[in-house]
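> For reference, the sequence and a predicted model appear below.
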Amino acid sequence: MTKPATRELAQMAQQAGYQVVDAEQLRPNRWLLQLKDKSGNRIALLVQARPLISSADVQDLADIVRLHRLDSGILLAHGGSFSPAAQRTHLELTDGRLRLCTALPPAAKQEHTEAQPVGARLKSIP
């Protein structure tokens, strides 16, 4: 498995529709990117380039999201998979803001916030 460069991870995030706010390599096999989607949500992307991602990595992501007061977090297993303990920790945290992924999901599209008239579409029930 070849390890990606920070620049390559930033390009991957941009291609998925995210704005890269910050990107840093924390360790030889670990990167943290702060992203924004089209709705303005702030997202932590923690990338691990190892064959097996552990429960400690899931806990690290949860801590990053909490400490930086981000809207959500993605733990990306780059060229690897999640251990059963990592999956169990993710379930035990019961935090819907955290996602475990082996591929970066596309950025959420901006929601249309303009009010739409619905009165004409409603029908009364006899």
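Noted; the coordinates are in hand. Residues are numbered from 1 along each chain as shown.
> distance between the helix ranked longest in the chain and the chain's centre?
The longest helix of the chain (DSSP state H) is helix 55-67. Helix 55-67 has its C-alpha centroid displaced from the chain centroid by 12 Å (CA atoms, centre = their mean, to the nearest Å).
> can you give me phi and psi for the closest residue to F82 other than its chain neighbours?
Nearest non-adjacent residue to F82, counting by CB to CB, 6 or more residues apart in numbering: I53, 4.8 Å away. Just so you know, the C-beta spots here come from the backbone N, C-alpha and C atoms, and that holds for glycine as well. Backbone torsions of I53, given as degrees, to the nearest 10, read phi -100, psi 130.
> burial count for I53?
25 (other CB atoms under 10 Å).
> try Q25
If you count neighbours by other CB under 10 Å, Q25 ends up with 15.
> Beta-bridge partners for it, please?
W31 (DSSP bridges).
> so what's it scoring on pLDDT?
pLDDT for Q25: 96.
> swap in A108?
What the model reports as pLDDT for A108 is 78.
> What is the three-state secondary structure of it?
coil (DSSP: H, G, I helix; E, B strand; the rest coil).
> picking that back up, what are the buried residues along the longest helix of the chain?
For helix 55-67, a neighbour-count test (16 or more other CB atoms under 10 Å) marks S55, D57, V58, D60, L61, A62, I64, V65 as buried.
> from those, which is closest to L32?
I64 (6.9 Å; CB to CB).
> Distance-wise, check the closest one relative to A103.
Using CB to CB, to the nearest Å, we find I64 at a distance of 20 Å from A103.
> do the same with L26
21 Å.
> what does D63 give?
24 Å.
> same question, D37
D37 is 16 Å from A103, by CB to CB.
> Next: P84.
In terms of CB to CB, P84 sits 20 Å off from A103.
> Okay, helices next: where are they in this structure?
According to DSSP H, the helices that the chain contains are 6-15, 55-67, 84-93.
> All set now, cheers.
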